[in-house]
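S.K.: sequence unknown, structure follows:
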């Protein structure tokens, strides 16, 4: 029982054709197990969060009642991407587990929507938002170590509050970036193999059987990986302690209390004076 | 790839004597069971070692699945009834002549003596890339070898292609669709009836199969209502060799004509699409119109709308146009049944 399904090409070569479909269940179960283990850990073993807080009264006074976290454009991107991602997962994997329907057209259209939204996001985040806000910095790494030590019951200074995004959020973004780009790039090439209503001219001979096979395998591996990643994302989105963040992805803002509790004004600057109440310059998604 | 030919892989041969036993065996073995009717499709697969089932369920010993039985509202044909028996059956010939004509031109006399109606409608596609064991979409792979710039696709689909461009090869199916037949399927939950055209599935829904039969299900008979008994029938099959070949295309129609006008009609074509096509738009368009060449011309043009030819099968478009025209307007050399 391998990870990859192989076939013999017309020329007698053994070539990969796609992943073994049981990996769908492996990833779904892995996602489920993560959620169970995490919920048990948080509910039974985790210690209350404790951050190093040294806000001056002037900093506190400068924080508005509603702190804008995501602009309308950033939220629109997120939800368009989410809808297309769900459409892609449903159209890709339901037929594999026995729910038969005409999935190919819906799949590649959703794939094009995802590709367009991700390209938009890269440009938007690179030139209009704080590009680096979603990448780990030195303080994140230092605080990760401190949090780990404290979780294990060892002495360590309390970590600083988060910048705009917690380190876990940044790691998740990186993993989803890798898997997302993998499915997008391979998926765009795979559109040369199906009828796309004239958008792409069909030509299955642009690559050899082995290259195509590897492409299908990579597409499949990244795809099943996204099952677990999306499950975990939705799980965190509905966890009570994360609801303010989830709500901010709907309404655009979070409360002053939550901001001061979880986020460090020194690391996530609120430039209220420049643009009026609630303005946040680092609006990366 | 087919490497060893003519030596079948080892399997357990199960020979049930009742339909319920056969259905239970299907249920018991699921995807590991291969159902064999006349064996004409099965032995190709088995001898080429492209199918290696654990068990083969041979239906030939089930007498209840054979024979033509007249019922109050039509006729019921057992799935294991041979094509020869159907072609020569007096009731079929007199009342449902389009089916007799269709099965009479299936392959050769020897094959018709062995081949069954259930096997004919449930056989797999004849795309040679697929039948030769190449890892195409239909075989679970990720390419259609026939639908490439150099693929040999003269016999393939002009409608309904979705990654796979193979066509359904049956001659009897268009006649059964024209007669509004119902397929009787034994399932673990009991019996179910499906319309003839709904028995088949295209690659858009399920690329690895041609019909809706699931592991655990068994086609037991085909019921033909007397709605179209004695109607004006037309069947024509076009093939490369008239002595013995699969269809390049075939057409079957049943038409009720009153005062020279078409009261109602059912028409179907096969070998143009991965699933047999009932031409509903044509049926609607010709209703109330005179059954003549002019109406046939119009119907033929309507029938081919949306056709997408491949590299080597554009001839199928005028062929289909003309077959539909002839089915409605008649043709001097054609015989009305």
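M.R.: Great, that's in hand. Predicted model only: the values in this text are computed from it and were never measured. Numbers count the residues shown, from 1 in each chain, chains lettered A, B, ... in the order given.

S.K.: From residue B:137, how far out is the residue in chain A that chain B sits nearest to?
M.R.: For chain A, the residue positioned closest to chain B under C-beta to the nearest C-beta is residue A:7, at a distance of 3.4 Å. The C-beta positions use only the backbone N, C-alpha and C, and glycine is treated the same way. Separation of residue A:7 from residue B:137 (C-beta to C-beta, to the nearest Å): 12 Å.

S.K.: again, but for residue A:8
M.R.: Applying C-beta to C-beta to residue A:8 and residue B:137 gives a distance of 16 Å.

S.K.: And for residue A:60?
M.R.: Here residue A:60 is placed at a distance of 63 Å from residue B:137 (C-beta to C-beta).

S.K.: Look at the two and report which has more neighbours.
M.R.: Higher neighbour count among residue A:60 and residue B:137: residue B:137, with 23 against 11, using other C-beta atoms under 10 Å in any protein chain shown.

S.K.: Hmm, residue B:164 and that one touching each other?
M.R.: Yes. The pair formed by residue B:137 and residue B:164 meets the contact definition of C-beta atoms under 8 Å, at 4.8 Å.

S.K.: Please identify every residue contacting each of the two.
M.R.: Among the neighbours of residue B:137, those also in contact with residue B:164 (C-beta atoms under 8 Å, 6 or more residues apart in numbering or on different chains) are B:144, B:203, B:207.

S.K.: Now do the phi/psi pair for the first one.
M.R.: When you say that, I think you mean residue B:144. Residue B:144 has phi and psi values of phi -110, psi 110 when expressed as degrees, to the nearest 10.

S.K.: Ok, the second one next?
M.R.: Dihedral angles of residue B:203 (phi, psi; degrees, to the nearest 10) stand at phi -70, psi -20.

S.K.: Can you tell me what sits against the strand or helix carrying residue A:119?
M.R.: When elements are defined using DSSP states H and E, residue A:119 is found to belong to helix A:104-127. Under the contact criterion C-beta under 8 Å, 6+ apart, helix A:104-127 has outside partners A:73-74, A:77, A:80-81, A:83-85, A:87-88, A:91-92, A:131, A:134, A:180-181, A:183-184, A:187-188, A:191, A:194, A:196, A:199, A:284-285, B:162-163, B:204.

S.K.: Just the buried residues of the residues you listed.
M.R.: The neighbour-count test (16 or more other C-beta atoms under 10 Å in any protein chain shown) marks A:74, A:77, A:80-81, A:84-85, A:87-88, A:91-92, A:134, A:180, A:183-184, A:187, A:191, A:194, A:196, A:284-285, B:162-163, B:204 as buried among these.

S.K.: Could you list which of the residues you listed belong to helices?
M.R.: Mapping these onto helices (DSSP state H) picks out A:74, A:77, A:80-81, A:84-85, A:87-88, A:91-92, A:180, A:183-184, A:187.

S.K.: so where do the strands sit in chain B?
M.R.: Secondary structure of chain B (DSSP state E): strands located at B:12-14, B:33-36, B:55-58, B:68-71, B:74-78, B:182-187, B:190-195, B:218-225, B:232-238, B:249-258, B:261-270, B:277-278.

S.K.: Columns mean pLDDT, distance to chain A and mean neighbour count on top of these, output as TSV?
M.R.: Converted to TSV, the strands of chain B look like this (pLDDT from 0 to 100; distance: least, C-beta to the nearest C-beta, whole Å; neighbours: other C-beta atoms under 10 Å in any protein chain shown):
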stretch	mean pLDDT	distance to chain A	mean neighbour count
strand B:12-14	97	24	13
strand B:33-36	96	18	22
strand B:55-58	97	22	20
strand B:68-71	95	33	14
strand B:74-78	98	28	23
strand B:182-187	97	16	21
strand B:190-195	96	15	12
strand B:218-225	98	19	23
strand B:232-238	97	27	23
strand B:249-258	97	22	23
strand B:261-270	97	21	22
strand B:277-278	98	16	23
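
S.K.: Distance to residue A:39 for those strands - can I get that in JSON lines?
M.R.: Putting those into JSON lines (distance: least, C-beta to C-beta, whole Å) gives the following:
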{"stretch": "strand B:12-14", "distance to residue A:39": "48"}
{"stretch": "strand B:33-36", "distance to residue A:39": "43"}
{"stretch": "strand B:55-58", "distance to residue A:39": "46"}
{"stretch": "strand B:68-71", "distance to residue A:39": "61"}
{"stretch": "strand B:74-78", "distance to residue A:39": "58"}
{"stretch": "strand B:182-187", "distance to residue A:39": "41"}
{"stretch": "strand B:190-195", "distance to residue A:39": "43"}
{"stretch": "strand B:218-225", "distance to residue A:39": "47"}
{"stretch": "strand B:232-238", "distance to residue A:39": "65"}
{"stretch": "strand B:249-258", "distance to residue A:39": "61"}
{"stretch": "strand B:261-270", "distance to residue A:39": "56"}
{"stretch": "strand B:277-278", "distance to residue A:39": "53"}
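
S.K.: how about the ones you listed, which one is nearest residue B:97?
M.R.: Each of the strands of chain B was scored for nearness to residue B:97 using C-beta to C-beta, and the closest is strand B:232-238 (5.1 Å).

S.K.: Identify the neighbouring strands of the closest one in the sheet and state each direction.
M.R.: If you go by DSSP bridges, strand B:232-238 pairs up with strand B:249-258 (antiparallel).

S.K.: Go through stretch A:4-14 and flag the buried ones.
M.R.: For stretch A:4-14, the neighbour count (16+ other C-beta under 10 Å) marks A:4-5, A:7-9 as buried.

S.K.: which ones are touching whichever residue of the stretch 51-200 of chain B sits closest to chain A?
M.R.: In the stretch 51-200 of chain B, no residue comes nearer to chain A than residue B:135, which is 3.4 Å away by C-beta to the nearest C-beta. Contacts of residue B:135 were listed using C-beta under 8 Å, 6+ apart, and they are A:7-9, A:15, A:17, B:141-143.
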